[in-house]
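> Fold the stuff below for me.
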Amino acid sequence: MARYIGPKTKIARKFRDPIFGPDKHYEKKNYPPGQHGNSRRRRKQSEYGMQLMEKQKAKYTYGMLERQFKNVFLKASRKKGITGEILLQLIESRLDNVVFRLGIAPTRSGARQLVSHKHITVNGKVVNIPSYALKEGDLIGVRERSKSLEVIMNSLASRADKYSWLEWEDEKLTGKFLNYPEREEIPENIKEQLIVELYSK
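From the prediction side, this is the model:
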């Protein structure tokens, strides 16, 4: 399946937000890309333009394709509650995102690769689908023969318990998905209401 593998700093500059994590190149040039750089006069963005930009930003942040993203939105819109919040909760419960949040991988793309290459288990069984939707109480672990992988050990060495909706056991290299996070527990700078408005047209 197609994935964006182009320059990440350029995308971060487009959205004026370091969506792929700390980026020293973005810090130097935190203005939109283009030949004329920061001096270029930019037209006022339309309402549709802002909504589209927010959706694209969310897709790039979580590494999702359009059809995948729209399917998650449709699922969220069928549930009771605030659609935008439910959308982010469903995306946050994806296996690749939780592997990243637990600190098993340093980036979401790295987490997706670990899942695809069968290094990750859910409730003791190997799962190689990055978009696998976790349920409350699911146990996420590192496969026994993958526990000595350098990339995993290096990432875990610098992990920190940041999220109250996840639990981690160092000895077993196992995490638990306790519950869906509340909106204020999701650190991503995304205006989800604009995405809801875009898809509701």
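
> Could you use CA atoms for every contact and neighbour count after this?
Will do.

> mind checking which helix or strand of the chain has the lowest mean pLDDT?
The helix or strand of the chain with the lowest confidence, counting by mean pLDDT, DSSP states H and E, is helix 24-28 at a mean of 53.

> Next secondary structure after it?
Remark: after helix 24-28, the chain's next helix or strand is helix 47-62, criterion DSSP states H and E.

> Of all the residues in that next one, which ones are buried?
For helix 47-62, the neighbour count (16 or more other CA atoms under 10 Å) marks 51, 52, 53, 54, 55, 56, 57, 58, 60, 61, 62 as buried.

> got it, and stretch 172-181?
Buried positions in stretch 172-181, judged by neighbour count with 16+ other CA under 10 Å: 174, 175, 176, 177, 179, 180, 181.

> Ok, stretch 76-92 next?
76, 77, 83, 84, 85, 86, 87, 88, 89, 90, 91, 92.

> Show residues contacting that stretch.
62, 72-73, 97-98, 133, 180-183, 192-193, 195-196 (CA atoms under 8 Å, 6 or more residues apart in numbering).

> who's in contact with the residue nearest the centre of the chain?
Per CA atoms, centre = their mean, the C-alpha nearest to the average position across the chain is that of residue 62, at 3.1 Å. Going by CA under 8 Å, 6+ apart, residue 62 touches 91, 97, 108.
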